[in-house]
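S.K.: need a structure here:
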Amino acid sequence: MWERFLQILALKARPGKDHKYRTYWNWYHHTVGYVVVVLSVYNIYKGFVILQPGSGWKIAYTAIICAIGAFAIVMEILQFKKRWGSLFVKKSEGLQEANQSAFKKEISKFMNRWGDKTPEDLEANQSASTEVV
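M.R.: Residues are numbered from 1 along each chain as shown. A predicted model of the protein is given here:
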């Protein structure tokens, strides 16, 4: 009974696409959908306990539910990448650019301090200065 009330309430209370509460409505909608799926699977296995069918039926239903679940997971991942993937790509590109600019700054600091000397020149100068005379 309560699920019918929630469906009508959700239909009437759904905000427009640009409304500030639309995100909350989407969360509600997805959560109720996942709860319905979980309760449906629970109901199937509760029916198995009550009716006690042969093991073939349990295996068949379990295989079908697993196949549908795997398909749903793949679709959710693809939808997530489609909606939110650009945020992660931009962020990683921004980090890469920041790392490159930091590396360039370190190189310019090194060049300003040591000029055109190579690491071998620096090691030779260091070993010469540490020799005991």
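S.K.: remind me which residues of this protein are low pLDDT?
M.R.: 88-99, 114-120, 122-123, 125-133 (pLDDT under 70).
S.K.: Kindly list the longest helix within it.
M.R.: Ranked by residue count under DSSP state H, the longest helix found in the chain is helix 55-114.
S.K.: just how off-centre is that helix within its chain?
M.R.: In this view, helix 55-114 has its centroid 6 Å away from the chain centroid, taken as CA atoms, centre = their mean, to the nearest Å.
S.K.: That helix packs against which elements?
M.R.: helix 22-51 (3 or more CB pairs under 8 Å, 6 or more residues apart in numbering; DSSP states H and E). (Each C-beta comes from the backbone N, C-alpha and C, glycine too.)
S.K.: got the angle between the helix it packs on and helix 55-114?
M.R.: Angle, helix 22-51 to helix 55-114, by axes from the mean of the first three to the mean of the last three CA atoms, to 10 degrees: 150 degrees.
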